[in-house]
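In: My questions concern the predicted model and sequence given below.
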Amino acid sequence: MYVLTNCVIYTNSSDINSAILHDHCVVIDDEIISAILPLAQCPIELEKVDLAGANLCAGFIDLQLNGCGGVLFNNDISVATLEIMQVTNERFGCTSFLPTLITTNDSDMHNAVAVMAQFQQQYSHQALGLHLEGPYLSLAKKGIHSSALLRTSEQSMIDFMCQNSAQISTVTIAPEQTQLKHIKQLSQAGIQVSLGHSNASYSEAMQCFSAGASFTTHLFNAMSSITGRDPGVVGATYDTKNNYAGIIVDGHHVDYANVRMSHKLLGERLVLVTDGVAPAGANIESFDFVGTEVFYRNGKCVGADGTLGGSALTMIEAVENTVKKVGLTLVESLRMASLYPAKSIGVDEQLGSISVGKVANITVLDDKFKVQKTIVNGQIKSFS
């Protein structure tokens, strides 16, 4: 047991009086937050970890991470790759994530499920499940995905996904490539179905949401947008009541004004994601992304034709941009990086806020958005 002290605590509480706590301490018992107390009540017998006035918040959760730290999950589907991604994430305040496998063959998806099962046996509350981004996506909105691997949904693979829902958190599909019965089946199995890489009409998208889809992948990117005659996937996302959407706040994928307007419409249903690839947290100039060479230039990851291929964004940068460029408060930006993603995939009973009984996955950052420490399952890691 130990005590985190001398910090400003961003709890993510909906109660305005306890959303930000000063002159309090957080008691960690093994991997659990066991108490949040006024300083005068902090147990004097426990080891104190003095945070020197830094900000303390719930660890960030990235729901769309293809790779980082110089590696890509598609290129090496292994526990070792996930370990590198986890270690890299922690430097930037991200304590949990969904490893994202973009459009590939059925064999790779089978392998990814086996790797995820192995990783989860070794590590808890880190990789929370796979995000399968494809292969049931639109050719018209494929982005960097391989045309040759795109296909329509097949019953055998849908059955396989449902049978392995403990390892699969999210599946991104295009309505025009996926049967409604398959969306219903995935949703009923407890898998989050997300619309993305789609040229669907508003009506087609709304049918999928009615069938059980509950998320939109990287809002605005690789999808039909709002026009005067058809609101498309973007408009359908705005017009739902309970569905969430991920958004990449790097200034390249989405204009900051669109992020701001989306937040006005979606509120706590708008989630920060990175869509990170190999250069995130690494110093590399190019990499292979499922057979396409992608270059890291001027802050963007692009193919030779200029098509965006993921991002080099980290979660702390996404939070910083949301405060400085979008204009949202730090309180709300931190929630978009932790509480809202936890709620969207149903893990908010364990993660996503600083409250008694939750897992001690915590980020410590200063006022300049420099991550000083991360705590994963109660284990502290410090960064100079």
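Out: Received it, and whenever you're ready, just let me know what you need.
In: Now do the longest helix along the chain: distance to the chain's middle.
Out: As assigned by DSSP state H, the longest helix anywhere in the chain is helix 106-122. Here helix 106-122 shows a centroid-to-chain-centroid distance of 19 Å under the convention Cα atoms, centre = their mean, to the nearest Å.
In: now stretch 10-19
Out: 22 Å.
In: and that stretch, which residues are buried?
Out: Y10, T11, N12, S13 (16 or more other Cβ atoms under 10 Å). From N, CA and C alone the C-beta is placed, and that goes for glycine too.
In: swap in stretch 343-355?
Out: So, applying 16+ other Cβ under 10 Å, buried residues of stretch 343-355: K343, S344, I345, V347, D348, Q350, L351, G352, S353, I354.
In: In this structure the third one contacts L128, no?
Out: Yes. Checked against Cβ atoms under 8 Å, the pair I345 and L128 is within contact range at 6.7 Å.
In: what ranges do the helices span in the stretch 101-250 of the chain?
Out: 106-122, 155-163, 180-188, 202-211, 232-238 (DSSP state H, counting those that start in this stretch).
In: tell me the most buried of these?
Out: Highest mean neighbour count of these: helix 232-238, a mean of 24 (counted as mean count of other Cβ atoms under 10 Å).
In: packing partners for it?
Out: The contact analysis (3 or more Cβ pairs under 8 Å, 6 or more residues apart in numbering; DSSP states H and E) places helix 232-238 against strand 192-195, helix 202-211, strand 215-216, helix 256-266.
In: returning to what we had before: what do I345 and L128 both touch?
Out: Here I345 and L128 share the contacting residues L98, S169, scored by Cβ atoms under 8 Å, 6 or more residues apart in numbering.
In: Any regions of this structure where pLDDT drops low?
Out: Applying pLDDT under 70 to the chain picks out no residues at all.
In: Could you pick out the longest strand of it?
Out: Scanning the chain for the longest strand, with DSSP state E as the assignment, gives strand 47-58.
In: Sort out which of the buried residues of stretch 343-355 are in helices and list them.
Out: Using DSSP H, the buried residues of stretch 343-355 in helices are K343, S344.
In: Closest to R91 out of the buried residues of stretch 343-355?
Out: Nearest to R91, judged by Cβ to Cβ, of the buried residues of stretch 343-355 is L351 at 19.0 Å.
In: Could you pull out the buried residues of stretch 213-230?
Out: Buried residues in stretch 213-230, counted by 16+ other Cβ under 10 Å: 213-224, 230.
In: For the residues you listed, give me JSON lines that also has distance to H22.
Out: Converted to JSON lines, the buried residues of stretch 213-230 look like this (distance: Cβ to Cβ, whole Å):
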{"residue": "A213", "distance to H22": "42"}
{"residue": "S214", "distance to H22": "37"}
{"residue": "F215", "distance to H22": "35"}
{"residue": "T216", "distance to H22": "37"}
{"residue": "T217", "distance to H22": "38"}
{"residue": "H218", "distance to H22": "36"}
{"residue": "L219", "distance to H22": "35"}
{"residue": "F220", "distance to H22": "38"}
{"residue": "N221", "distance to H22": "39"}
{"residue": "A222", "distance to H22": "43"}
{"residue": "M223", "distance to H22": "43"}
{"residue": "S224", "distance to H22": "47"}
{"residue": "D230", "distance to H22": "50"}
